[in-house]
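Trainee: Build me a structure from this.
(4 chains)
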Protein chains: 2
Amino acid sequence: MSRARVRPTRDETRRRLFRAAAEVFAHHGVGAATVEQIAAAAGFTRGAFYSNFAGKQELAVAMLDDHLARSQAHNRALLARHPDPAGFVQALRDDVGREDDPLHTTPLLQVELMLYVARTPELRPVLGAHLRAMRSLVGEIAATTVRASGVDLPVGPAELGTILVAVEDGLRLHRLIDPDSTAPDAFLDALEALERIVLAARRG
Amino acid sequence: MSRARVRPTRDETRRRLFRAAAEVFAHHGVGAATVEQIAAAAGFTRGAFYSNFAGKQELAVAMLDDHLARSQAHNRALLARHPDPAGFVQALRDDVGREDDPLHTTPLLQVELMLYVARTPELRPVLGAHLRAMRSLVGEIAATTVRASGVDLPVGPAELGTILVAVEDGLRLHRLIDPDSTAPDAFLDALEALERIVLAARRG
DNA sequence: ACGACTCGATACATCTGTGTATCGAGTCGA
DNA sequence: TCGACTCGATACACAGATGTATCGAGTCGT
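Mentor: You can find the predicted model right below:
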């Protein structure tokens, strides 16, 4: 047997820096975070950092890409396992806080990254495309559910998706400010409330 | 006649620093903004800044307080002028981008400040209280409107307010990322869509 | 108009962060 | 096992920000 590694793999180092950056970004904000803090949190010096990334900005971009890729993969997988909308929503509920993507479990970081993108024009199309895809996905699922329940809704899937994704992100933001009045699954509660409203149209 | 002022009033200086800070915060983020940038943007040196504020943090807090006070006063005034919900919403629509509060016209700054509060625990109660007040106000207005249209809604004013305020802030956030797909008055469009859904229950 | 006070400008000491160049221990292939 | 290469640590030069102490022109009251 060979003796244990002393120096971590390059990938291992990158991953540790990544994870550390997530924490530091969430805690101090992307703008206020320093390379020193990130490297230290990962148990390295700045030397290791600059050996892996060109700078804070590049890392932030890499982090965003990584998050979007994971998020999309996650959604696809979930949708494949639960093609029926009811099961899909239930799966979402089971899923709260269970993901291992650090961005998924750290709403503060998610919003922080959105803000970072907002003030970095060349990054906006990336996240913008993701936003539209989310709206469209959510809108289709919701419209299907509604149709299946025998209601003829006076709004299209696009509008529906826009509203629902806005509720999700809005509540995410509100939870950061006032966790006591905004539960982690507040979005799912809101979904149910909206469902009740829509179903009221059927009973009429 | 006395000759024109050379040195601005203290209040004038404070106000100029305030306005400049709003721009700098919006452009660079609260975390990344520097006292030097703020002072320069206001046409002063750092000396003037430190003569008026203890530091960046204190200014951020003052700005938040100012915004909340203005926002509440604005809402009260609008509500006094338009006690009927329909007129109130119309007034909101006329109002888009017409306010002089820099925070009201700079959504990026609004979100930035929310995030700043989110990571400053001792500030959260302030904004948290404001959030709850908004939910309650909006929820009451909405519930009244709905009731007036003869619909018996299966959700309370509290839930309604939570959802509506979330939609508003969510769309604000989305507009930062993808302005093309999210108009400035997207929230009012969403309101109308939700109104249509609710009214569908009446026709049954 | 003059004296006391105010308040922004200037200068200074200090600290923190950045990016790069270099070094040397760790790792891997032959 | 030995040599070439890799990659994180260290050191350095530099840039920029912070906060304070001091100065002096501007302002106001009498």
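
Trainee: ok, residues contacting stretch A:182-195?
Mentor: For stretch A:182-195, the external contacting residues (CB atoms under 8 Å, 6 or more residues apart in numbering or on different chains) are A:89, A:92-93, A:96-97, A:145, A:164, A:167-168, A:171-172, A:174-175, B:155, B:159-160, B:162-163, B:166. (Each C-beta comes from the backbone N, C-alpha and C, glycine too.)

Trainee: Look up how far chain B lies from A:Val111.
Mentor: 6 Å (CB to the nearest CB, to the nearest Å).

Trainee: can I assume that residue is in contact with A:Leu173?
Mentor: Yes - assessed by CB atoms under 8 Å, A:Val111 is found in contact with A:Leu173 at 5.9 Å.

Trainee: can you list residues touching both of those two?
Mentor: In contact with both A:Val111 and A:Leu173: B:Val111, B:Leu173, using CB under 8 Å, 6+ apart.

Trainee: higher neighbour count, the two?
Mentor: Neighbours per residue (other CB atoms under 10 Å in any protein chain shown) separate A:Val111 from A:Leu173, with A:Leu173 holding more: 25 against 21.

Trainee: next helix or strand past the helix or strand hosting that one?
Mentor: Assigned by DSSP states H and E, A:Leu173 belongs to helix A:157-177. Sequence order places helix A:186-203 as the next helix or strand after helix A:157-177, per DSSP H and E.

Trainee: how about that following helix as PDB, C-alpha atoms only?
Mentor: What follows is helix A:186-203 as a C-alpha-only set of coordinates in PDB (Å, rounded to 0.1, in the frame of the first residue of the first chain):
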ATOM      1  CA  ALA A 186     -43.800  28.800   2.300                       C
ATOM      2  CA  PHE A 187     -43.800  28.500  -1.400                       C
ATOM      3  CA  LEU A 188     -45.500  25.200  -1.300                       C
ATOM      4  CA  ASP A 189     -48.100  26.600   1.100                       C
ATOM      5  CA  ALA A 190     -48.600  29.500  -1.400                       C
ATOM      6  CA  LEU A 191     -49.000  26.900  -4.200                       C
ATOM      7  CA  GLU A 192     -51.700  25.200  -2.200                       C
ATOM      8  CA  ALA A 193     -53.500  28.400  -1.500                       C
ATOM      9  CA  LEU A 194     -53.500  29.300  -5.200                       C
ATOM     10  CA  GLU A 195     -54.700  25.800  -6.000                       C
ATOM     11  CA  ARG A 196     -57.700  26.300  -3.700                       C
ATOM     12  CA  ILE A 197     -58.500  29.600  -5.400                       C
ATOM     13  CA  VAL A 198     -58.400  28.000  -8.800                       C
ATOM     14  CA  LEU A 199     -60.500  25.100  -7.700                       C
ATOM     15  CA  ALA A 200     -63.100  27.400  -6.300                       C
ATOM     16  CA  ALA A 201     -63.900  28.300  -9.900                       C
ATOM     17  CA  ARG A 202     -64.900  24.700 -10.500                       C
ATOM     18  CA  ARG A 203     -67.400  24.500  -7.700                       C
END
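
Trainee: What angle do helix A:157-177 and that helix make with each other?
Mentor: Per axes from the mean of the first three to the mean of the last three CA atoms, to 10 degrees, the angle that helix A:186-203 makes with helix A:157-177 is 140 degrees.

Trainee: distance between helix A:186-203 and the chain's centre?
Mentor: 24 Å (CA atoms, centre = their mean, to the nearest Å).

Trainee: Equivalent analysis for stretch A:32-52, please.
Mentor: For stretch A:32-52 - counting by CA atoms, centre = their mean - the centre lies 24 Å from the chain centre.
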